[in-house]
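Student: let me see the structure of the following:
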Amino acid sequence: MKSITIILLGVLLATAEIFSQGHIAPCAGSQDHTGGICYGYATGRAAGRSAGDPNCNPLTFYQDPISTNFFDYYSDANLTGLQPGDIVRFSDHAAYVISVGSPVGNSRVDQYSTMRQREETNQLLEDVRREFGNWTGYYRNKLVNVTVQNSFSGGAVKIDGATVNAGTHALSWWGGQRMLEAVNRQNILDPSNNTYYVRVFQQWSTPDGPMTSISIGMTPRPGQTYRAEFDREFNITFQNNLPGANGGQIKVNGSTYSAPHTAQVLQTNPSITGEALYQVISGIEYTFSSWSPGGSTSASTIFYPGDHTTCTASFSAKPQPPPGVSAGGSVGSYVQVTWSDHPHQQVTQYQIWRKVKQQGDIPTLLTTVSRGTTSFTDYDYKITDGYTHDLVSYDVRSYFSVNASYSDPNWVPVFARQDISAERGVGEAEQAADLAAVPMEYSLGSYPNPFNPSTTIRYTLLQNARVQVGIFDLMGREITRLVDTEKNAGMYQVVWHGVDERGEILPSGIYLVRMSAESTNGRERFAKTMKIVMMK
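Tutor: Residues are numbered from 1 along each chain as shown. Down below sits the predicted model:
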């Protein structure tokens, strides 16, 4: 029996030692069964337990007396300053305070009645005094300072589900295990460079070693420090530099996104892959050239950013030919080249080219027309119905004004023969008869352009009209007037030999051809100006 007593005493001492270090056993306390259960019940409730708790049920938890290692005792017959969570002490009883009333006798307590051997909740404190006599004072949980901090300055943490500022917090020593939770993805200003960074949780550093769970249990001990370790997150924006366009597409880490696209990397592992893509936007072909920063010319490049970064893929641009280019017409008519306007508004001009197989397929620039013009008539060649004549090919090249680039050749063939009357140089009346196809719109053009020494200016009247065609310098001064008369609806041409109204030869340079027409019924007016270049 004596040996059993010694062993039991050793167990009690060991348990007390565990408490002195803050390691609370499943049911905290000395397990002294010599006292009343009312003390154990009140102590368990103050520790945050409730009846039926699987680890520590206050209804079966005994302790006598209430330990001043964990509770401060205030001897006060008036219970001055009583708070919820305190334990009211009677001469031979204890009750747990759930609310404080005025006067103090109107306070409410939970207790275990040893006489009735049951838990009694929400009891009036005055009624308890009538049963157990006057109270003598109250116990309150002792507080210990525990530091809960982040690996960066400031920020927030959670203690028992409540978000608080990181720092030192006074916690109840007797409160059992507390729950700490790191507040993930906090956007924190770095005062060293005045830049915000999202912080991503990695692990806890604790007195018991590292823990990777974002929520961990903690038993408060004086002077403890719990530190939530975070990594910085960098925002990496991938974008395209597309002449004449915005957005486009881009690949980041193997997935395709609309540009710009922002992805995140961690400071400790900043590797990220951007891939530039060949793409066609509004009829403009974009081909990758280089990355910035770094200057890499590899379309797929791995970046290792050291901060928030924008990675830009630069592209060269080239227009595609205008859609729907065709050449043809009825047999015996002049070759008609047609197309649709280019979808990109900054394709401002079209070059019309021709090559003839029997002449060695040497490309010849016929003319340049402005955007909005979608047809060209070649008065040098007429459509034929046999393979015994020339194979003539035409190309309409788009001009992209953003970077002064042209589309690649895209030849459209047709069988035609050279117009013999054009070779002889027929009179104006015969030419007008040849040109008298039904006009579809007012127009103005010249061929060749540039020219030396002369160019043929062609114009179309949709209705009978008074028409004027003149040559002007770049200051808007008229040099000579070529046409000033009434004409019927139709297609006409007039040759300018590069001379002024006195017949003097003009120097090389840029000149303006201006046409204005007013229908004879006064209902329609048309005016157009185009540039021509004389080169010597």
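Student: which other residues reach stretch 117-129?
Tutor: 41, 51, 59, 88, 90, 93, 95, 97-98, 101, 104-113, 135 (C-beta atoms under 8 Å, 6 or more residues apart in numbering). Any C-beta I mention is one placed from the backbone N, CA and C, and that applies to glycine too.
Student: could I get the buried residue list for that stretch?
Tutor: E119, Q123, L125, V128, R129 (16 or more other C-beta atoms under 10 Å).
Student: can I get the CA coordinates of it in CSV?
Tutor: Taking Å, rounded to 0.1, in the frame of the first residue of the first chain, the C-alpha atoms of stretch 117-129 are listed here in CSV:
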residue,chain,number,x,y,z
GLN,A,117,-25.4,15.9,-8.3
ARG,A,118,-26.2,17.6,-11.6
GLU,A,119,-25.1,20.5,-13.8
GLU,A,120,-27.2,23.6,-13.4
THR,A,121,-26.9,26.4,-15.9
ASN,A,122,-28.0,30.1,-16.1
GLN,A,123,-28.5,30.2,-12.3
LEU,A,124,-29.1,33.6,-10.5
LEU,A,125,-26.0,34.3,-8.4
GLU,A,126,-28.1,35.5,-5.5
ASP,A,127,-30.0,32.1,-5.4
VAL,A,128,-26.6,30.3,-5.2
ARG,A,129,-25.6,32.5,-2.3
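Student: so for that stretch, mean pLDDT?
Tutor: Stretch 117-129 shows a mean pLDDT of 95.
Student: what of stretch 417-430?
Tutor: Rounded mean pLDDT across stretch 417-430 is 50.
Student: same check, this time on stretch 198-217
Tutor: The model assigns stretch 198-217 a mean pLDDT of 97.
Student: and the helices in the stretch 151-300 of the chain, which stretches?
Tutor: Ranges of helices within the stretch 151-300 of the chain: none, based on DSSP state H, counting those that start in this stretch.
Student: so where's it shaky on pLDDT?
Tutor: Scanning the stretch 151-300 of the chain for pLDDT under 70 picks out the ranges 174-176.
Student: which residue is the nearest non-sequential neighbour of the residue nearest to the spatial centre of the chain?
Tutor: Compute the mean C-alpha point of the chain, and by C-alpha atoms, centre = their mean the closest residue is H261, 4.4 Å away. In space, and not counting its chain neighbours, H261 is closest to F238: 5.3 Å by C-beta to C-beta, 6 or more residues apart in numbering.
Student: same check on L82?
Tutor: Once flanking residues are discounted, L82 sits nearest to V100: 5.3 Å by C-beta to C-beta, 6+ apart.
Student: count of residues packed around the one you found?
Tutor: V100 has 16 neighbours, counted by other C-beta atoms under 10 Å.
Student: correct me, but it touches G81?
Tutor: No. Under the criterion of C-beta atoms under 8 Å, V100 is not in contact with G81, lying 9.3 Å apart.
Student: which pLDDT value goes with M475?
Tutor: For M475, the model assigns a pLDDT of 86.
Student: would you say it is within a strand?
Tutor: No. Assessed with DSSP: H, G, I helix; E, B strand; the rest coil, M475 is coil; it does not lie in a strand.
Student: quick check: it vs G509, distance?
Tutor: 12 Å (C-beta to C-beta, to the nearest Å).
Student: just checking, Y74 touches R140?
Tutor: Yes. Between Y74 and R140 there is a contact under C-beta under 8 Å: 6.8 Å.
Student: these two - which one has more neighbours?
Tutor: Between Y74 and R140, counting by other C-beta under 10 Å, R140 is the more crowded of the two (19 against 16).
Student: what's the separation between that one and Q83?
Tutor: For R140, the distance to Q83 - C-beta to C-beta - is 7 Å.
Student: again with I284
Tutor: From I284 to Q83 the distance is 75 Å (C-beta to C-beta).
Student: can you give me every residue that contacts the residue nearest to L82?
Tutor: By C-beta under 8 Å, 6+ apart, the neighbours of V100 are L82, Q83, P84, S107.
Student: farthest pair within the residues you listed?
Tutor: Within the contacts of V100, Q83 and S107 form the most distant pair, 10.0 Å apart (C-beta to C-beta).
Student: what about the two, which has more around it?
Tutor: S107 (23 against 12).
Student: quick check: that one touching A95?
Tutor: No. Under the criterion of C-beta under 8 Å, S107 is not in contact with A95, lying 9.5 Å apart.
Student: sorry, back to before: which among the contacts of stretch 117-129 count as buried?
Tutor: Buried, going by 16+ other C-beta under 10 Å: 41, 59, 88, 90, 93, 95, 97, 104, 107-113, 135, out of the contacts of stretch 117-129.
Student: just the ones of these in strands?
Tutor: V88, F90, H93, A95, V97, R108, V109, D110, Q111, Y112, S113, W135 (DSSP state E).
Student: is it possible to get JSON lines of these that adds distance to R232 and pLDDT?
Tutor: Compiled in JSON lines, these are given as follows (distance: C-beta to C-beta, whole Å; pLDDT from 0 to 100):
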{"residue": "V88", "distance to R232": "52", "pLDDT": "97"}
{"residue": "F90", "distance to R232": "58", "pLDDT": "94"}
{"residue": "H93", "distance to R232": "57", "pLDDT": "92"}
{"residue": "A95", "distance to R232": "52", "pLDDT": "96"}
{"residue": "V97", "distance to R232": "47", "pLDDT": "97"}
{"residue": "R108", "distance to R232": "50", "pLDDT": "98"}
{"residue": "V109", "distance to R232": "51", "pLDDT": "97"}
{"residue": "D110", "distance to R232": "49", "pLDDT": "97"}
{"residue": "Q111", "distance to R232": "53", "pLDDT": "95"}
{"residue": "Y112", "distance to R232": "53", "pLDDT": "92"}
{"residue": "S113", "distance to R232": "59", "pLDDT": "88"}
{"residue": "W135", "distance to R232": "56", "pLDDT": "96"}
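Student: is it possible to export those to CSV including distance to T256?
Tutor: Shown next, in CSV, are these (distance: C-beta to C-beta, whole Å):
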residue, distance to T256
V88, 70
F90, 75
H93, 74
A95, 69
V97, 64
R108, 65
V109, 67
D110, 63
Q111, 68
Y112, 68
S113, 72
W135, 75
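Student: out of these, flag the one nearest to S519.
Tutor: R108 (101.5 Å).
Student: ok, for the closest one, nearest residue in space, not its chain neighbours?
Tutor: Using C-beta to C-beta, 6+ apart, the nearest residue to R108 is S99, at 4.5 Å.
Student: burial count for that neighbour?
Tutor: S99: 12 neighbours (other C-beta under 10 Å).
Student: tell me the phi and psi of it?
Tutor: Backbone dihedrals for S99, given as degrees, to the nearest 10, come out at phi -160, psi 150.
Student: there's contact between it and Q83 in this structure, I believe.
Tutor: No. In this structure S99 lies outside contact range of Q83 using C-beta under 8 Å: 9.9 Å.
Student: what are the pairing partners of the longest strand along the chain, and which direction each?
Tutor: Ranked by residue count under DSSP E, the longest strand found in the chain is strand 225-241. In the sheet, strand 225-241 lines up against strand 143-150 (parallel), strand 195-206 (antiparallel), strand 261-266 (antiparallel), strand 309-319 (parallel) (DSSP bridges).
Student: can you give me the buried ones in the second one?
Tutor: Read it as strand 195-206. Y197, V198, R199, V200, F201, Q202, Q203, W204, S205, T206.
Student: what residues does that strand touch?
Tutor: With C-beta under 8 Å, 6+ apart, strand 195-206 has contacts from 150-152, 155, 180, 182, 184-190, 210-214, 216, 218, 226-234, 264, 266, 307-308.
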